[in-house]
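Student: what follows is a protein structure lacking sequence information:
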């Protein structure tokens, strides 16, 4: 008998609704031993998990032990209160994006991407833009409806923006590793401010991506969207073509 | 009190030099004072305000934004309904943010609310004007992180700047960086003859695609190629200087990045030249390690067509989860370095406007 989900008190699900079962893994800097196993159980208990259980543990390297555990989470969240937030986008497939772009926009969508500032990682940008793509989905370069420019890594914001203006970009995509030390945040805000200073904010969609980039952070930074781990190229493509279409219809 | 000093600005921007410099605390103090004075306010944020925890470091708790009944607010549909405050919907804007669509509402009751209005400067201005039109006597525009665009005279009539210990563990460095930021905001106004100013405004007002132009002594302007100021290399800037040996002014209509200024300074110094770069306003200038004064010593002056009214400076002497300074000492050092701006720590017992938040 399928039970109704109580959206006001959502809990993790494993075997049946509401069981609160969580699987987690971590490493402790202690030698592989029965004492290590007890330490993991006690720690999970302190994390608030009930009935913690070690289902697997093994030595990682000398003096370190890796654990896989189950535990029952007693907390819940009120999902009903959160539903209004953010875009609940239904993502399109590559074919659907192509069709949508052809019907609604009728021209190529120009995207310029880079890892800006001192960030040497271009993996995220490459996964989104390059033909090879990510997770079996090709990047925007492989779409008929997109024209892409991947400027690579360590690109100054002003150079990225100059390129975007030169090629008439509809969207700029930047990737940055955001740290708690705020190191890279300034770089992300500076790009937004430069686009404003050039008087181009209304013409360009700004999207940022990185391991810790949420929609909340994107909003603070001044971007139109933020993409984090698990984003596939067609997710980004969906956002860009929908947003462009919305802007086209808003401007009549 | 902060609210008295800022009363002249119908649209008041609050900008921080970094995250956790106390923008939202300053906003909260202003809201308390304005409520006490019976002023009807409108509030928007270019980021997100009143959230419980910091978006980057969730260990940091953030101040709530408490609005009085009758206040106007521009925030997203989701955040408005999550506040649970009864309200009257005034406008559904077509502004879409990563957190949802922005609405303008009048609150029928008091309470805590998360504020996330438009991010783009033009839209910030539009919702601010809409709130004024719906009866707000003053609109407070809260910044986010270190974003400055909303303090442009195109958007706001006045600015409160927030600085704090979070900038550096070295108090002298906090003072130096704050000084640089204030100098930038207070760049001198274009000092040419009024007719030159008009001429430049016409030139700069074009279709927005001009990157900039060199103005010769005789005000014969030479328009630079698009993107020149954004991305030219040192040798291109050197060639520009050589091609225009009499040029004294450079008008930059858009962004003026530090890498251009650095190359311009080095080219000018080698030629024994002095140049003044004229920009629309201070939010168009992007400095990095060097401040306005350093460039001045290199022979590169900067001027603005429109000034920003810096009305007050607020100080947060604490860096969350890190270090702190004595509030009085920090304010005294800032006061010695920076003239003609009132400096407040709105949480300090000496601050006149501060009262224990007694609920609403």
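Tutor: Received it, and whenever you're ready, just let me know what you need. Nothing here was measured: the structure is a model prediction, and the numbers come from that model.
Student: any low-confidence regions in the stretch 101-250 of chain A?
Tutor: Across the stretch 101-250 of chain A, residues meeting the criterion (pLDDT under 70) sit at A:117-123, A:178-183.
Student: tell me who's in contact with residue 126.
Tutor: You didn't say which chain, so I picked chain A. A:132, A:139, A:150 (Cβ atoms under 8 Å, 6 or more residues apart in numbering or on different chains). Quick note: C-beta positions are derived from backbone N, CA and C, even for glycine.
Student: looking at chain B here, not the other one
Tutor: Residue B:126 is in contact with B:93, B:118, counting by Cβ under 8 Å, 6+ apart.
Student: again, 10 Å this time
Tutor: Neighbouring residues of residue B:126 by Cβ atoms under 10 Å, 6 or more residues apart in numbering or on different chains: B:74, B:93, B:95, B:118, B:120, B:155.
Student: rewinding a little: in ChimeraX, select just the buried ones from the contacts of residue A:126.
Tutor: Per 16 or more other Cβ atoms under 10 Å in any protein chain shown, the buried members of the contacts of residue A:126 correspond to this ChimeraX selection:
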select /A:139,150
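Student: quick check, the residue in chain B closest to chain A?
Tutor: residue B:78 (3.1 Å; Cβ to the nearest Cβ).
Student: distance of that residue relative to residue B:263?
Tutor: Separation of residue B:78 from residue B:263 (Cβ to Cβ, to the nearest Å): 46 Å.
Student: same check, this time on residue B:104
Tutor: Taking Cβ to Cβ as the measure, residue B:104 falls 45 Å from residue B:263.
Student: and for residue B:64?
Tutor: 46 Å.
Student: over to residue A:25?
Tutor: According to Cβ to Cβ, residue A:25 stands 51 Å off from residue B:263.
Student: ok so, going back, more neighbours, residue B:104 and residue B:263?
Tutor: Between residue B:104 and residue B:263, residue B:104 has the larger neighbour count (other Cβ atoms under 10 Å in any protein chain shown), namely 24 against 18.
Student: show me what the more buried one is bridged to.
Tutor: For residue B:104, the beta-bridge partners are residue B:74, residue B:91 (DSSP bridges).
Student: likewise residue B:112?
Tutor: Counting by DSSP bridges, residue B:112 is bridged to residue B:66.
Student: that one against residue B:83, yeah?
Tutor: Yes - using Cβ atoms under 10 Å, residue B:112 is in contact with residue B:83, at 6.8 Å.
Student: find residues that contact each of these two.
Tutor: Listed as contacting both residue B:112 and residue B:83 by Cβ under 10 Å, 6+ apart are B:50, B:65, B:67.
Student: helices of chain A, residue ranges please.
Tutor: Per DSSP state H, chain A carries helices over the ranges A:34-46, A:79-82, A:94-100, A:123-129, A:157-166, A:185-197, A:215-221, A:233-250.
Student: picking that back up, what's the farthest-apart pair in the contacts of residue B:126?
Tutor: Maximum pairwise distance in the contacts of residue B:126, criterion Cβ to Cβ, is 15.7 Å, between B:93 and B:155.
Student: who has more neighbours, the two?
Tutor: Comparing residue B:93 with residue B:155 by other Cβ under 10 Å, the one with more neighbours is residue B:155, at 24 against 16.
Student: residues contacting the more buried one?
Tutor: Residues in contact with residue B:155 (Cβ under 10 Å, 6+ apart) are A:196, B:11, B:13, B:46, B:120-126, B:128-129, B:141, B:149, B:281, B:283.
Student: next step: those residues restricted to strands.
Tutor: Residues of those located in strands (DSSP state E): B:11, B:13, B:141.
Student: number of residues surrounding the first one?
Tutor: Spelled out, it's residue B:11. Neighbourhood size, residue B:11 [other Cβ under 10 Å]: 23.
Student: my read is that it contacts residue B:138, right?
Tutor: Yes - between residue B:11 and residue B:138 a contact is recorded at 7.8 Å, counting by Cβ under 10 Å.
Student: which residues do those two both contact?
Tutor: B:42, B:128, B:131-132, B:157-158.
Student: as JSON lines, those residues with distance to chain A would be great.
Tutor: Formatted as JSON lines, those follow (distance: Cβ to the nearest Cβ, whole Å):
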{"residue": "B:42", "distance to chain A": "19"}
{"residue": "B:128", "distance to chain A": "16"}
{"residue": "B:131", "distance to chain A": "19"}
{"residue": "B:132", "distance to chain A": "22"}
{"residue": "B:157", "distance to chain A": "18"}
{"residue": "B:158", "distance to chain A": "19"}
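Student: hmm, which two among those are most spread apart?
Tutor: With Cβ to Cβ as the measure, no two of the shared contacts of residue B:11 and residue B:138 lie farther apart than B:131 and B:158, at 16.0 Å.
Student: circling back to that earlier point, closest one of the shared contacts of residue B:112 and residue B:83 to residue A:154?
Tutor: Using Cβ to Cβ, those come closest to residue A:154 at residue B:50, 36.2 Å.
Student: what residues are up against that closest one?
Tutor: Taking Cβ under 10 Å, 6+ apart, we find residue B:50 in contact with B:24, B:27-28, B:43, B:62-67, B:75, B:79, B:83, B:112-116, B:142.
Student: same check on residue B:347?
Tutor: The contact partners of residue B:347, by Cβ under 10 Å, 6+ apart, come to B:22, B:25-26, B:28-29, B:63, B:314-318, B:327, B:354.
Student: now it: how far from residue A:170?
Tutor: For residue B:347, the distance to residue A:170 - Cβ to Cβ - is 45 Å.
Student: re earlier: select, out of the helices of chain A, the one closest to residue B:163.
Tutor: Each of these has some distance to residue B:163 by Cβ to Cβ; the shortest is helix A:185-197, at 14.8 Å.
Student: strands of the stretch 1-150 of chain A, start to end?
Tutor: Secondary structure of the stretch 1-150 of chain A by DSSP state E, counting those that start in this stretch: the strands cover A:21-28, A:50-61, A:64-72, A:109-115, A:146-150.
Student: need these in TSV with distance to chain B, can you?
Tutor: Listed next are the strands of the stretch 1-150 of chain A as TSV, based on distance: least, Cβ to the nearest Cβ, whole Å:
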stretch	distance to chain B
strand A:21-28	18
strand A:50-61	24
strand A:64-72	21
strand A:109-115	13
strand A:146-150	14
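Student: any idea which of those strands is most buried?
Tutor: Most buried of these, by mean neighbour count (mean count of other Cβ atoms under 10 Å in any protein chain shown): strand A:109-115, with a mean of 25.
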